[in-house]
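Trainee: Here is a sequence with its predicted model. Questions after.
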Amino acid sequence: MFRTGLLAALAVSLTAQAAPAPAPAPADTIYRNGYLYTVDARDSVQQALAVRGGRIVYVGDNDGAKAYAGKRTDTIDLQGRMLMPGLIDGHLHPQSGGSRLLNCSLNYESLTVAQFQSRIQACLDQDKKSGPERWMIVVNWFQQGMRPEGVATTAAMLDALKTERPIIVRSSFGHSALLNSKGIKTAKITRDTPNPAGGSITRDAQGNATGLLEDAAQDLAMNLLPPLTVAENLSASKAALAAMRQQGITSFLDAYTDPETMTAFATLQKQGKLTARAHFAVLIDLDKGATPHSAVAELLKQQKQFDQGPTRVAPSMQVRHAKLFMDGVIAAPALTGAMLAPYLTNQGTQEKPNWQPGPHNGPPSYFSPAALRATLTELARAKIDPHIHVDGDRAVRETLDAIEELRATPEGKRVRPALAHDEIVDPADYPRFAKLDVTPVLSFQWAKPAPDTVEALKDYLGPQRYAVVEPQALLLNAGARIAYGSDWPVDPLDEWFALKVGVTRTAAPNAGQAYAGKLTAQPGMPRAEVLRAITLNAAYTLRQEQDTGSLEVGKLADMIVLDRNFFTIPEEDIANIKVLETVVGGKIVYRAKDMR
Ligand SMILES: [Zn+2]
């Protein structure tokens, strides 16, 4: 699929023998007249770029690019448009994202109970063929956004629907699921069912399950769902890649993979349909008798089966990461983030609230300090980088402690640990990210006033901690290398909205008066830093920064053309940026209608 320009290259090398100053071999493509934002060490802006064999051979002004023009060179006049490195999403879930595009979806909307019910009833009515035992799976439920605020979400809401079927409604952030009574029965959950490690069954005053399952307790129902078929897996991967290339994503990390997902991506790769460089993190879970050694051995087995070797021009698959969960999420009603100090509870009334420290500070971390240290050491020996879910400040603290010890060992010096989410970090720990060379992987779009911050965090954390939630600029200013990860499908895949929030810390203009203004008094991140986070810094977490993440000679031609200039438009307009063209390894994988 690549124009090799072999003959042209030969011709040039022949004439080169006679000519004193050899002209460079002609490029396959020249982009000129652009606002070429490079993300090089000086964030320099250039005019033109030339690509040959999938790599960048020239970056500079228009005049200098002329030397690369040959008979078969395709020259593109950017007419002043912005060209930048392709986006690198350092944490997302392509398979659940892709399959949710194909599921009964509540679309992340804030819903009243009546709306919630009628949307699910519509899905049930549409699916007449399924029998009374077939699970109805509902996704993208914005649990914290239910109206009115604080409304109890129980099986009764679903029992009111006209169906015999078991129903599971999965929250968009992935930490809770709601079942109807048929679902509770099908999952064989009774008063006597104990809470599994790392999860809880929400119960009423009599000890009966309310239908709401938190974290690992979701598996009581999830394990009963029929797995995606091979064909469904393929459709999900295809849908995910289509969504990604439209956003301008040219590399990504699947932050919690499985063999079925990698099989689907491998099939697409063989067919030449892999349109982004795909990285996969395999879960390390010490439940069910696994030891750090056996869990890492299993990871290496999957690596052997699916990893396709070093980065090359055409997109391929790499399995170089492990995923670990240290806690759940700090947002109410889950409150499963591991915190240093207790969550607050309302000891007053709705009208006269009185928020005081409550009885708990989240679950014990999902890895004990000893287990975490042993696991990190095994991973370092196996040359696997850990990608660790940490949401509460205690999870962050304990993980940094373990990494500090790891860094003191010979094998621990070369690992590149990434700490995903970091929604709340104790200020004493900010400088440790730079000191220990740990990359926070952040979802910028969370740093806005919204039901899952204003209502689900504020009162439960209290003013002091709430003032430092989503500490993006605070970590940046403490010297951390910030990388971006969307965590799709926790939110819709909208990288440009996320980058906007990274700069402004404001919600969308139509979010309503309750969510106007900035999230807390913290500053946003500078625009250049926001772009670096989703390009070069994310490339670093994938060990791909020598090949991608910036537009520099010798790097792969992974890049995107935008419909407007990220740096000159008003801040709020960043959310409206559209990608006109996505190029991976010099090959165009997406083009909007209005390009050229
Ligand atoms: Zn995630």
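Mentor: Arrived safely, thanks for sending.

Trainee: Relative to the ion, which residue of the stretch 151-300 of the chain is the closest?
Mentor: The nearest approach of the stretch 151-300 of the chain to the ion comes at Ala255, 4.7 Å away (C-beta to the ion). Any C-beta I mention is one placed from the backbone N, CA and C, and that applies to glycine too.

Trainee: quick one: that residue is in a strand?
Mentor: Yes - remark: Ala255 belongs to a strand, assigned using DSSP: H, G, I helix; E, B strand; the rest coil.

Trainee: Settle this for me: it is touching Ala420, isn't it.
Mentor: Yes - using C-beta atoms under 8 Å as the test, Ala255 is close enough to Ala420 to be in contact (6.7 Å).

Trainee: ok so, going back, how about the contacts made by the residue of the stretch 151-300 of the chain closest to the ion?
Mentor: Ala255 is in contact with 91-93, 281, 323, 387, 420, 485, 487, counting by C-beta atoms under 8 Å, 6 or more residues apart in numbering.

Trainee: So for it, what pLDDT did the model give?
Mentor: At Ala255, the pLDDT value in this model is 98.

Trainee: and the nearest residue in space to Pro226 that is not next to it in sequence, how many neighbours does it have?
Mentor: Distances taken as C-beta to C-beta, 6 or more residues apart in numbering put Trp135 closest to Pro226, at 7.7 Å, once the chain neighbours are dropped. Using other C-beta atoms under 10 Å, Trp135 has 20 neighbouring residues.

Trainee: For the remainder of this discussion, apply numbering that starts at 35.
Mentor: OK, 35 is where the count begins now, so the last one is Trp169.

Trainee: Verify the contact between Trp169 and Ile201 for me.
Mentor: Yes - using C-beta under 8 Å, Trp169 makes contact with Ile201 at a distance of 7.2 Å.

Trainee: which neighbours do those two share?
Mentor: In contact with both Trp169 and Ile201: Gly217, using C-beta under 8 Å, 6+ apart.

Trainee: element containing Ala408?
Mentor: helix 403-415 (DSSP states H and E).

Trainee: what's the answer for Thr301, then?
Mentor: helix 293-304.

Trainee: Skip the chain neighbours and tell me the closest residue to the residue in the stretch 485-630 of the chain positioned nearest to the ion.
Mentor: Using C-beta to the ion, Asp521 is the residue of the stretch 485-630 of the chain that sits closest to the ion, at 4.4 Å. Nearest non-adjacent residue to Asp521, counting by C-beta to C-beta, 6+ apart: Ser477, 4.8 Å away.

Trainee: Quick check: phi and psi at that neighbour.
Mentor: phi -100, psi 100 (degrees, to the nearest 10).

Trainee: Would you agree it is in contact with Trp522?
Mentor: No - if you go by C-beta under 8 Å, Ser477 and Trp522 don't touch, sitting 9.1 Å apart.

Trainee: ok, the two, which is more surrounded?
Mentor: Set Ser477 next to Trp522 and count neighbours by other C-beta under 10 Å: Trp522 wins out with 28 against 25.

Trainee: which ones are touching that one?
Mentor: Residues counted as contacts of Trp522 (C-beta under 8 Å, 6+ apart) are 123, 126-128, 131.

Trainee: out of those residues, which are inside strands?
Mentor: Using DSSP state E, 123, 126 are the members of the contacts of Trp522 that sit in strands.

Trainee: can you list the contacts of Trp522 in CSV and add neighbour count?
Mentor: Formatted as CSV, the contacts of Trp522 follow (neighbours: other C-beta atoms under 10 Å):
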residue, neighbour count
Asp123, 30
Leu126, 26
His127, 23
Pro128, 30
Gly131, 23
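
Trainee: what about Ala211, which helix or strand?
Mentor: Counting by DSSP H and E, Ala211 is part of strand 210-213.

Trainee: what's the following helix or strand after that strand?
Mentor: helix 215-220.

Trainee: Next secondary structure element downstream of that next one?
Mentor: Helix 215-220 is succeeded, C-terminally, by strand 233-237 (DSSP H and E).

Trainee: Sheet-wise, list the partners of that following strand with their directions.
Mentor: Paired neighbours of strand 233-237 in the sheet (DSSP bridges): strand 243-249 (antiparallel).

Trainee: residue ranges with poor pLDDT in the stretch 435-584 of the chain?
Mentor: Within the stretch 435-584 of the chain, no stretch has pLDDT under 70.

Trainee: got the residues of it near the ion?
Mentor: Asp521 (C-beta under 5 Å from the ion).

Trainee: where along the stretch 435-584 of the chain do the strands fall?
Mentor: With DSSP state E, counting those that start in this stretch, the ranges of strands along the stretch 435-584 of the chain come out as 452-455, 473-476, 517-518.

Trainee: Please identify the most buried of these.
Mentor: strand 517-518 (a mean of 29; mean count of other C-beta atoms under 10 Å).

Trainee: Give the pairing partners of that one; include direction for each.
Mentor: Every partner of strand 517-518, by DSSP bridges, with its direction: strand 473-476 (parallel).

Trainee: Would you mind splitting the protein into its domains for me?
Mentor: The chain breaks down by the TED database into domains covering 130-257, 315-580.

Trainee: Using a markdown table, lay out those domains together with distance to Ala277.
Mentor: Output for these, formatted as a markdown table (distance: least, C-beta to C-beta, whole Å):
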| stretch | distance to Ala277 |
| --- | --- |
| domain 130-257 | 7 |
| domain 315-580 | 5 |
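
Trainee: so which helix or strand takes in the residue nearest to Met593 when sequence neighbours are not counted?
Mentor: Of all residues not flanking Met593 in the chain, Val617 sits nearest, at 5.1 Å (C-beta to C-beta, 6+ apart). Here Val617 sits within strand 613-618, counting by DSSP H and E.

Trainee: Show me what that strand is packed against.
Mentor: helix 264-281, strand 283-291, strand 593-596, strand 621-625 (3 or more C-beta pairs under 8 Å, 6 or more residues apart in numbering; DSSP states H and E).

Trainee: can you give me the angle the second one makes with helix 264-281?
Mentor: The reference is to strand 283-291. Calculated by axes from the mean of the first three to the mean of the last three C-alpha atoms, to 10 degrees, strand 283-291 forms an angle of 140 degrees with helix 264-281.

Trainee: Show me how far strand 283-291 is from its chain's centre.
Mentor: Offset of strand 283-291 from its chain centre (C-alpha atoms, centre = their mean, to the nearest Å): 7 Å.
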